Each structure stands twice: as structure tokens, then as C-alpha cells.
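Peer 1: requesting a structural model of the entry that follows:
(3 chains)
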Amino acid sequence: MSTVEEYQPVFTGKARERLDDILSRYPTKQAALLPALWMVQEARGWISDRAMTEVAEVLGITPAYVKGVVTFYTMYHQHPVGRNFVQVCTTTPCNICGAEGVLQAFLDATGAREAGATSPDGNWTIIEVECLGACGFATPVLVNDDFIDGVTAEKVPDIVKRYR
Amino acid sequence: MPDELVNLSIDGVAVSVPKGTLVIEAAKQAGVLVPHYCYHPGLPVAGVCRMCLVEIEKTPKLQISCATQVAEGMVVKTQSAPAKSGRTGVLELLLINHPLDCPICDQAGECELQDFTFQEGRPGTRYSEYAKRFNPVEDFGPDVLYVPNRCILCTRCVRFMEEVAKEPVLNVSERGDRAFIGIHPDARLDHPWAGNVVDLCPVGSLLSKDFLHKARAWELDKTASVCTGCSQGCNVTLDLRDDVVVRIRPRPNLEVNRYFICDHGRANYRWMNRGDRIEAPLVKNGNDLAAVDWDEALARARALIAGAKGKAVALASPGMSTEALFLARRLLSRLDWTGAFQVTMGEEAPLAGVPNLALRAERAPNGKGAELLGYGRDYAAATKAAESAGVVLVLGDADAAVKTAGAFIYLGTVLPDPARAADVVLPIANVAEEDGTFVNRDGRVQRYSQAKPAPGMARPAWWVLAELAAGSGERGLGSAEEAFALLASSVDAFTGLSYARLGLAGRKAASGARVPA
Amino acid sequence: MGYPHKSHARETVVLSKHFGDADAKSFKGWVKRGGYEALKQAQAMDPPALIEEVKNSGLRGRGGAGFPTGLKWSFMPKEKKKAHYLCVNADESEPGTFKDREIMRWTPHALLEGTAIACHAIQAEVAYIYIRGEFTEPFQVMQTALTEASAAGVFGKTQIYLHRGAGAYICGEETALMNSIEGKRGNPRIKPPFPAAAGVFGLPTTINNVETLVAVPHILKNGAAWYKAMCLSNPKSTGTKLFSVCGNVQRPGNYELTMGFPLKDLVNDLAGGVKAGRTLKACIPGGSSVPILNREETESCLLDYEGCVEKGTMLGSGGVIVFDDTADMVYQIMRLARFYAHESCAQCTQCREGTAWTTKILERVLSGQGKMKDLDLLLDLSENMTGKTICVLSDSCAAPVVSGIRKFKSEFEAYITGKKRPAAA
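Peer 2: Just a heads-up that it's a prediction; the model follows:
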């Protein structure tokens, strides 16, 4: 029988210190919410309901409030994603420069098959995103925190190889 | 210092309102109801539904009247073509995903989406070839169901929990047309005042489980009343279907409960429909109680009272009307009178965002009224004194576990075992079956009205007590209003008050007055 | 400069002078290039004098609204009774726009200097630079620069903090940005109250775009008159602007031009025009939220605030998106509608439901099942979505739809009549 793992808090030790420093920048605790959520995602890879409760307790707000904020911002993951998380811009300026071909190239090269789904080996999740603010360098792609300019369908296999 | 007044015109009607008034409120004075959803006078302004769009001269764009303050000389047009077109547009967009649930939706008949669509909506849909968004019904907690498909995202519920209940347990989740009202999986909507979100919801999205599919809005008879759950005295409306109370809803009173009632009061109505009522007057006949008519019962009771000497003890329920409590004392005033009442206590639950509003620890509506009329709180002592009293009156289903050497007269709606020892049992009406008043903890005297007939031969307590005092052949009192007038002329605290002056919102009694002997 | 290309002779290189110059990113490198002198200058001036100088320069907000910057600063309370705040809008998410990213990753100190000067002008002790979450590299560069400059003590009592966004275009709207900083959903606020009266945390706040702020040090060093004189057309539009040219052009990039420059020359000359064998079909001059121009309009439009309005569009953020004859206008307009539907915050009925419905109708047209009355419906829907909401995201969705249907009707009709087959799924 599997046991329910006990939740390990994120905001202890150095992380707690870092949060305290962030808290000192704002006149309200609530303003540290977005930075705190980033810290959770950096530590755990995603933000669970349980983690939202921890953040709520630490900041003196309700879990429902935290959840409302988490679901508003698209960069926060509410469930685990592949080891490499790829965001491909397909909004109009990139779209007319072949962005959808880049998306398809990623899906093919990684075995992820479908945008939003994680590849069977668990290594890749590819999603379509809106304008990444690098339209002159079509097509920009984020692989985890690496912002890669000028991606074309031809360049995709090399990029995928680099992150294997 | 009087508020500075601003003069403006709304649909050609000139109005004068205090500075800072919102156009939507000023419009009410002009007799104009601007259609709206997210706006509510009891909640902070959101300005999101965009339904209350009006045209204001010299302003290029339509403005939302819920967020626009009046200005001197402003000319507001709510019925101009652009204004109507703007609102019709909003209605169309609200209806593209809103399901045609009216036949199975509780809100039908009291639904603001229905109402305004009839008034200003398009006759048909242009969204015919697309699927409507679908999400399953969610259980938010003790009494509230959330039907996401019907939700128009007005956020009244979110704002109520956040700003009035001060417990932000509801959120808006997601973005765009994927948005819905969310709750954290670990949380329940169990705040003591959470039921108000059901009233606030303009459509049938937030529903009361208790009321689910019970009755149609147009079948309901609505009567103004006062909640009997505690001493706060929230104003309520009793909704009845075929003379059965099926729902209690808040009635606005800015001085008492604003627009809200607590869940305890909201659920506190089933007892009003009890079937096990005393249906006829009863008199002691050997070891039994025998049913008799009113003449005989009253005659027997009058005789007992007339023959009583020494002490008189009135053990009253603080749920009795002020009129009845007054008449009970007056009836026995020639004797050495002691009156007492007993209150059940519970946990207080304030509504944090409204000053002086809470579910009060004292779970009775008329404790203050009893106090003003000279009833004390030492029920145990009074019960002891009753043992040697000449006559004991137990009123309004108060605890009848009393032994007395004197006469025992019981006025109640039901007959518990201890009351079977009474010499005379007189059946009375409950709060839904009579007119009367309660005095809340702040000394506010408030009227409640009869919503349904009393069962069997039961009569209002004020009538019974007036008859007992009148003597055979004489006339008692003809109405609760008369009873109150008598009270007002006899008791300082109530001087100058009358049913007419109390109206539907009540008035404060004078404080610190004594009851004349 | 037309980074990543070399500066074109017809550019007016001021803000983009050090794009591509890695050494300019460091504090030492920036100081070597004359950095932080303007800040010293500003710190010695009275705030009213500082505001007056910026007013006289004619600088207008470069984020998209074009509101006179000096005037905006002057809305802050003159008498300091509460804490004042500056918010820097680095949320750059308007499709077609990519100038602020370049400013931050090549000249981070320019932004810090402009920020500090603005703080002095509006008497703000604290500035938050709100950087969109996806800008990982600019965030790192700004962080390093901020650490270095703070250590050097150039900011005096001013505290500058970076605040990272998390994926929401709407947070580029100034009141939504403030809500996001406060740790809330990025919902725009109804106005009044205005930010200068009650902004972030309910306190007096000014919000400025990145490109606006980096112009300020130059204005101080060279004088308002110098800035004002940079004007090729309407005197109400002065100074230089970074135009982000993208789409079907041979040399996409940021080109810095004096206001009033002809759009035709920017596209065909500086940016190399469309590929050989293709023709220019359409151009959006100010980021996707402004009306689309057809070829004739593109070729006669001047790039300043008034010039664009004359052509029925707006300068906006200056994101120039070029479409050649291979672009499927119906598909791209659908893609833009989908963008707005994805980004709608969900507050206003017209936006929340209207952007989604617009997208659905366009998808149906593209699938070959559209009807002619769908075009009337789209125009009617767009009318309902314009001028009736808290912010202009709703209007922004309507703009390409209305201009697209009016100017490229034949492309819509081709799908509806079946003349054009739907693209393979």
C-alpha cells in the first residue's frame, strides 16, 4: 500500500530568508505572492494545492485567494510537466514566419505528439504560447528558462539534442 | 451638517441627490431602474458586468452608472439608442454560454437575467452553431451548490465573502471565457453568513440545497417578518407555498442587518410548519385534559385568575411578542407579580464587514422586549417562587417544568409533558401566524406580519390574554395594532410609537423606562 | 540601430546606440559611455524643474497610449504626504513589439538611470520594474546591473526592485500591472481613482514604459529643445522611437527613427522590404491592437501619433507587422482574436465572451462553414466590444477584425463561397 507522503514545506532555511528579504520590499505581505509562487515552482517544478496552502499560511491570506492568482497566470504550472518545458510562440507576427512549423517540429522531434501533453519518456512538454516579445527574431522559443531567438523548423532537432 | 446636494436630470426627470451619489442610485429617485448585475448597494463597486451602461451628455463613451458619481447639471439618458444597444449587447453575450435551464432552474421567476432579457434583450440568439461551455455542478459546502454553466461572473459572491464576511474563500479561477468561481479543495463555504451568496447571485448559479427544487418563485407568497433566531432582529421575508413556510430570505434594513441574514436564521423555519400543534383549548378534567371551546376555556381560566391570591408568576419565552408579554403582565397586575424569561445561548458569529451585525449569543428575538416590560432573567428563582404562587402563567412554549400550589395556565403552540399538568391549556399562534412586534438587542421595535393561518382553534397570544383580562361579555382587543397602542400608552419606553410609525423598518424604543404598576 | 542589423544611415541613433555592445551592460562600461551623469544632473534639480524640462521636450509615453510624459508626472501630488511609487512597465507583450527587451538586455543601466530620474521627479522612494515572466535573459541582465549600480550608490535613497510577471498580456495595462504587483489577479481597475491619486497599495503612483524612461537621460543631457527639434512631421510628436519591424520583411529588427518618418521607407528601405517575388499586402504599424493598413495606406502613412490617426490607425507601441501576399489575412486575424481571447482577464462581459465568440466565428469561416451574415455579425459584435469596457483589450480585438473585414473582404468571401478551401487541419 502506498502511503501519502508528508508535505515538505518550501519556505524553510535559506528559502525562508529569501522570502523575508522579498517581503521587505513591499508594504503588504500579499505583494510577495507572485515572487513566492515563483520560488515554489523553482523548488518543486510545479505548484500543488498543498503548496498553495503553505504560501497562503506564510502570507496570511486564504488558499482560495492563492489559487485564484495561480490560475490567472499561465506560467505557473498546476501539475507536473516534463523535464524540459518548451514554449513556442505562434502569435501572428511569428505565425506568418513559420511558427506553427516550429511547433510541429518540436512535437515530432521529442515524441510529445500533442501540444500540452508530456512525452512518454517524461522529458518533454511542448506548448503553444502567445507573443514572447521577440517578434523580429522569429520564432522565439523558451526551453525552461533559456530564451532562444530565431528558431526555424530546421534548427529544432539540434536544439532538442542539446537538451537531451 | 447637511450633505451638499447635486442637481441632475435622468431621462428628463430632475433629481437632487447628495454629492457622491452614484448615478444608478440617483436614477432610482427618478423612478428609473437601470438594469445591472454586479452592482449591489451592500458590496463594493466592481463595474465588471457592464450591464448598467447609460449615455451621459457631453461624454463620448457610454458610462457604467454604478461607478459614475453625479455631477451638477449632468444629463443622463438610459433609454437612448446607444445606451439600449450597449445593454442589449451585454445581454446577448451573457446568453451565448448561459444554458436554457429556466424550466429546471430554481431562479426562474425571480431571475434578473430573465427579467432584463425580457425587457431589453434580443428576441433570438445568433450563437446557434456553437457548443455552449459546460462544467459539472459543484458542491461548495453546507448549503451551497454552484452551477458553473449558469454563472455570469458578476463576482458578487466573491466580493461578499472577501469584503463583507472578510473570509475570502471564493475566488475567480482561470481567465477569459474559461473563468469560473472557484474554491480551494481544502476549503468549504461554511462561514456562518455564507448563505447570503445564494440571495446575491442574480441568476440560478449559486443555489441553496435546502431550497433546491422545492417551489417555484411565482408560487410563493411573501410576507415581511423578523427573524426569531437571535436577538439581532434581522428583517426577513417569509416565503410560503400553500401556507407552508419554505424559505426565509433577508429583507433590507439599513439600520439592522443591511441586506443579509446568517445561516442559522435562514434555516430556522421548519418549526413554523410543525404538525404536532395544540389545536383546541384544553381544560383539566380529572387526570386528563379535555378539549373544549374558547368560551369555556376562557371562563375557566378567568375564574382561576380571579380567585388567585398572593403571588403571580409569569414564565415567558423570549420569543413571545411584545404585545403578549405586556398583556400577560397587565392581566396579573393586581397580584404580587414576578416575570421571568429564559434564553438559550449559543456562539456569536459576527459579519465582520458590517458594524453591529452578528448572530447573537442570545438565541431569542424578544429578550429586550421582555426586559423593558419588567421580566427578569432569573428563571430558576421565578420557577421556585411559582411553587407558592396563586397563579402561574407559562407563555409561549417556555419551560413548563414547574410545580405550583396555585393555578397553572399554559399558553403554547405545542404540548410537552410538563405542560400536561396545567389547569388550562390555551393554543396560540406562532410568529408566522400572527402580527406582532419584537424588540431587538439595540432596543429597536420591529413589526412582523401574519403569513399563514393558525392551525385548528389556535389564536394569537395577545388576543387570548386580552380576553382573559376582559371578563365574560366584555370585549377584549380587536387587533395586534390595538394591543400595541395600549402598550405604547402604558409603558414609557414605547411612548409615541404605533404600528404606523414603526412601518416596515421599525423604530428605537426610549431607553431606561420603567413599567408602571 | 536596426539591431540585429547595423545602423542604417537614415536612423536617428540615440536609445539604440549600444545595442549589441556587450561592454555597455556593465556598470563600468556604462559610466565610460557617459552613463549616470544625467542622474547626477537630475538629483541636483527641483522636481518641478525636472518635470517642466520633460514636458517641454514633448516626450510621450512609448508603451502605446502616447500620453505626454511630463504631464503624467505632474499629476502626482506636489506636496508629499504619503509614499509615492514609480512602476516601470516592462511587461512588453503586444504582438509585433520587441523594443523593451532589447533596451533591457543591451542597456540595462539606461533603464535604471531613467527610472531613478523619474523617481526624483515624482518624489517616489520606491520603484518596481515589472518584467514579464518570459523575459528570463533581460531579468538576469537587469538584476546584475541593479546589483552593481546599487553597490556603487548612484541611486541615493531611491529603492529599485525587480518584480517578475507570470504570463499575462493584460498586466501591461497600467492598472492591471499595479494589481499584479500587489499580489492579485491582473485585473484592470475602473478609473477613477487614477493612479496618481490612488495607485499601487492605494498610494500615488506613476507608471511609465521602458522606452519612455530611457529617453529621459538624453533629454536632460542635451536639453528639451534638442529632443523637441527631432520631428519630421507633426510638432506634437517629437523625439525618436524604436520601431520593431517584423513579419514578412527581409531585415526584421528595431529601427530608431525620428517621429514622422514615412512607414513606406521603413518597410521597404531600412527593413529591406518583402522577399523577392512577393508583394506587400498589409501592415499593422502599432502592434496588433491597432487597425490594419492596406498597401496604399501603408505607402502613404507617416509614423507619428497624428499621422497614423489620419490613416485610421494608431502609432501604438510601434510594432510594425508586415504581411506579404502569401499571408492568409483571415487566418491571421483569427489568430489575433484567439490571442485576445486567451488573454482576456474575464471581468467585462463584452471582452470575456466577445473575444471567444469572435474567434469561434472566424474559425468557422476558415473551416468553410461560414456564411456572409457572419461578417455582419462580426462587425456588430466588434461594435459591442468597443468603448464599453474597463480597459481596451476588447477594443483591441475588434480593431483587426473590423479593419480586416473592411479592407480584405474578398479573402473572407473566398472562404465563405468555397472559392478558397480550408487549410488542412
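Peer 1: and the lengthiest strand in chain C, what does it pack against?
Peer 2: The single longest strand within chain C, with elements called by DSSP state E, is strand C:240-247. Using 3 or more CB pairs under 8 Å, 6 or more residues apart in numbering or on different chains; DSSP states H and E, the elements in contact with strand C:240-247 are helix A:92-95, helix C:99-106, helix C:210-222, strand C:253-258, strand C:319-324. To be clear about C-beta, it is placed using only N, CA and C from the backbone, and glycine gets the same treatment.
Peer 1: distance between that strand and the chain's centre?
Peer 2: Distance of strand C:240-247 from its chain centroid, counting by CA atoms, centre = their mean, to the nearest Å, is 10 Å.
Peer 1: then stretch C:203-217?
Peer 2: 13 Å.
Peer 1: output the set of residues of chain B in proximity to chain A.
Peer 2: B:167-175, B:182-187 (CB under 8 Å from any CB of the partner chain).
Peer 1: and these, which two are the farthest apart?
Peer 2: Across these, no pair lies farther apart than B:167 and B:175, at 24.2 Å, counting by CB to CB.
Peer 1: of those two, who's got more company?
Peer 2: residue B:175 (24 against 19; other CB atoms under 10 Å in any protein chain shown).
Peer 1: wait, the more buried one sits on residue C:351?
Peer 2: No. The pair residue B:175 / residue C:351 is not scored as a contact, 10.7 Å apart, by CB atoms under 8 Å.
Peer 1: and stretch C:260-271, which residues are buried?
Peer 2: Residues C:260-264, C:266-268, C:270-271 are the ones in stretch C:260-271 that count as buried (16 or more other CB atoms under 10 Å in any protein chain shown).
Peer 1: hmm, that stretch in reach of chain A?
Peer 2: No. Figure legend: stretch C:260-271 not in contact with chain A (CB under 8 Å from any CB); closest approach 9.3 Å.
Peer 1: what segments of the chain are strands?
Peer 2: Since no chain was named, I'll use chain A. Assigned by DSSP E, chain A shows strands spanning A:84-89, A:124-129, A:141-143, A:146-148.
Peer 1: nope, chain C
Peer 2: Applying DSSP E to chain C gives strands spanning C:85-90, C:126-131, C:159-164, C:205-209, C:240-247, C:253-258, C:261-262, C:280-284, C:293-294, C:302-303, C:319-324.
Peer 1: can you list the residues of chain A near chain B?
Peer 2: Selection of chain A residues close to chain B by CB under 8 Å from any CB yields A:49, A:52-53, A:61-68, A:71-72, A:74.
Peer 1: with the stretch 101-250 of chain C instead?
Peer 2: C:168, C:185, C:190.
Peer 1: could you dump these into a markdown table with pLDDT and neighbour count added?
Peer 2: Supplementary listing: those in a markdown table, determined by pLDDT from 0 to 100; neighbours: other CB atoms under 10 Å in any protein chain shown:
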| residue | pLDDT | neighbour count |
| --- | --- | --- |
| C:168 | 97 | 27 |
| C:185 | 98 | 25 |
| C:190 | 97 | 18 |
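Peer 1: quick one: residue B:333 from chain A, how far?
Peer 2: Distance from residue B:333 to chain A, counting by CB to the nearest CB, to the nearest Å: 57 Å.
Peer 1: returning to what we had before: out of the helices and strands packed on strand C:240-247, which comes closest to residue B:427?
Peer 2: Nearest to residue B:427 among the helices and strands packed on strand C:240-247 is helix A:92-95 (79.0 Å), distances taken as CB to CB.
Peer 1: confidence score at the residue nearest to residue A:75 when sequence neighbours are not counted?
Peer 2: Computed as CB to CB, 6 or more residues apart in numbering or on different chains, the closest residue to residue A:75 that is not its neighbour in sequence is residue C:167, at 3.5 Å. Residue C:167 carries a pLDDT score of 97 in this model.
Peer 1: now for residue C:167, how many residues are close by?
Peer 2: By other CB under 10 Å, the residues close to residue C:167 number 19.
Peer 1: same question, the one 5 residues further on
Peer 2: By other CB under 10 Å, 27 other residues sit near residue C:172.
Peer 1: tell me the contacts of it?
Peer 2: Residue C:172 sits next to C:63, C:89, C:91-94, C:132 when contact means CB atoms under 8 Å, 6 or more residues apart in numbering or on different chains.
Peer 1: in chain A, what residue lies closest to chain B?
Peer 2: Closest to chain B within chain A is residue A:68: 2.9 Å, counting by CB to the nearest CB.
Peer 1: rewinding a little: dump the residues of the stretch 101-250 of chain C next to chain B to a markdown table, plus distance to chain A.
Peer 2: Below are these laid out as a markdown table (distance: CB to the nearest CB, whole Å):
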| residue | distance to chain A |
| --- | --- |
| C:168 | 5 |
| C:185 | 4 |
| C:190 | 18 |
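Peer 1: which residue ranges of the stretch 351-500 of chain B form strands?
Peer 2: B:358-359, B:391-395, B:407-412, B:424-427, B:436-439, B:444-448 (DSSP state E, counting those that start in this stretch).
Peer 1: out of the contacts of residue C:172, who's nearest residue B:103?
Peer 2: Nearest member of the contacts of residue C:172 to residue B:103, counting by CB to CB, is residue C:93, at 44.4 Å.
Peer 1: list the contacts for the closest one?
Peer 2: A:130-131, A:133, C:132, C:168-169, C:171-172, C:343.
Peer 1: which ones among those residues are found in helices?
Peer 2: Secondary structure defined by DSSP state H assigns residue C:343 of the contacts of residue C:93 to helices.
Peer 1: quick one: contacts of stretch A:39-55?
Peer 2: Contacting residues not belonging to stretch A:39-55 are listed as A:7, A:9-11, A:15, A:18-19, A:33, A:36-37, A:63, A:66-67, A:70, A:76-81, B:184-186 [CB under 8 Å, 6+ apart].
Peer 1: no no, stretch B:267-287
Peer 2: B:143, B:210, B:227-229, B:238, B:244-248, B:289-294, B:296-298, B:300, B:412-415, B:422-427, B:430-432, B:455-458.
Peer 1: could you find the closest non-adjacent residue to residue C:331?
Peer 2: residue C:366 (6.1 Å).
Peer 1: what strand or helix carries the one residue in chain B that gets nearest to chain A?
Peer 2: Closest residue of chain B to chain A, CB to the nearest CB: residue B:171 (2.9 Å). Counting by DSSP states H and E, the element that carries residue B:171 is strand B:170-173.
Peer 1: after that strand, next one along is what?
Peer 2: Per DSSP H and E, the first helix or strand lying C-terminal to strand B:170-173 is strand B:180-183.
Peer 1: note down every partner strand of that next one and its orientation.
Peer 2: Counting by DSSP bridges, the strands paired with strand B:180-183 are strand B:170-173 (antiparallel).
Peer 1: and chain C, what are its domains?
Peer 2: C:34-229, C:240-324, C:329-417 (automatic domain parsing).
Peer 1: do I have it right that the residue nearest to residue A:75 meets residue C:134?
Peer 2: Yes. Applying CB under 8 Å, one finds residue C:167 in contact with residue C:134, separated by 6.9 Å.
Peer 1: common neighbours of these two, please.
Peer 2: Common neighbours of residue C:167 and residue C:134, counting by CB under 8 Å, 6+ apart, are A:75, A:129.
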